[in-house]
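Peer 1: structure for this input, please:
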Amino acid sequence: MTRLKELRRDRGYTQVKMQMLTGIDQSDYSKLEAGKRYMTFEQCRRLAVALDTSMDYLAGLTDEKTSYPRKTEQ
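Peer 2: Numbers count the residues shown, from 1 in each chain. I've put the predicted structure just below:
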């Protein structure tokens, strides 16, 4: 199971819910999750925000699932 699929399932989201949260078409998301397509930087960013994780975790650069502190807008 890929990290993307694991995170999605841990949060109780469907692929359609991921489409609503990220704007990534469900069929494209399915291919990302299956490893049939590489994600763009923007897709990775959107997925990290939606799944409350880091882009590094999604890219396999760390095993730490928690996200980095996010910048707050003032």
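
Peer 1: could you list the low-confidence segments of the protein?
Peer 2: Residues of the chain that meet the criterion pLDDT under 70 lie in 1, 73-74.

Peer 1: show me where it has strands.
Peer 2: If DSSP state E is used as the criterion, the chain turns out to lack strands entirely.

Peer 1: return the residues in contact with the residue positioned nearest the centre of it.
Peer 2: Geometric centre of the chain, nearest residue: L47, 2.9 Å, by Cα atoms, centre = their mean. With contacts taken as Cβ atoms under 8 Å, 6 or more residues apart in numbering, L47 has the following neighbours: 4, 18, 22, 24, 32, 39, 58. Every C-beta, even on glycine, is put in place using the N, C-alpha and C of the backbone.

Peer 1: quick one: residues contacting E64.
Peer 2: Taking Cβ under 8 Å, 6+ apart, we find E64 in contact with 54, 56-57.

Peer 1: quick one: which of these is nearest Y68?
Peer 2: Among the contacts of E64, S54 lies closest to Y68 (Cβ to Cβ), at 5.4 Å.
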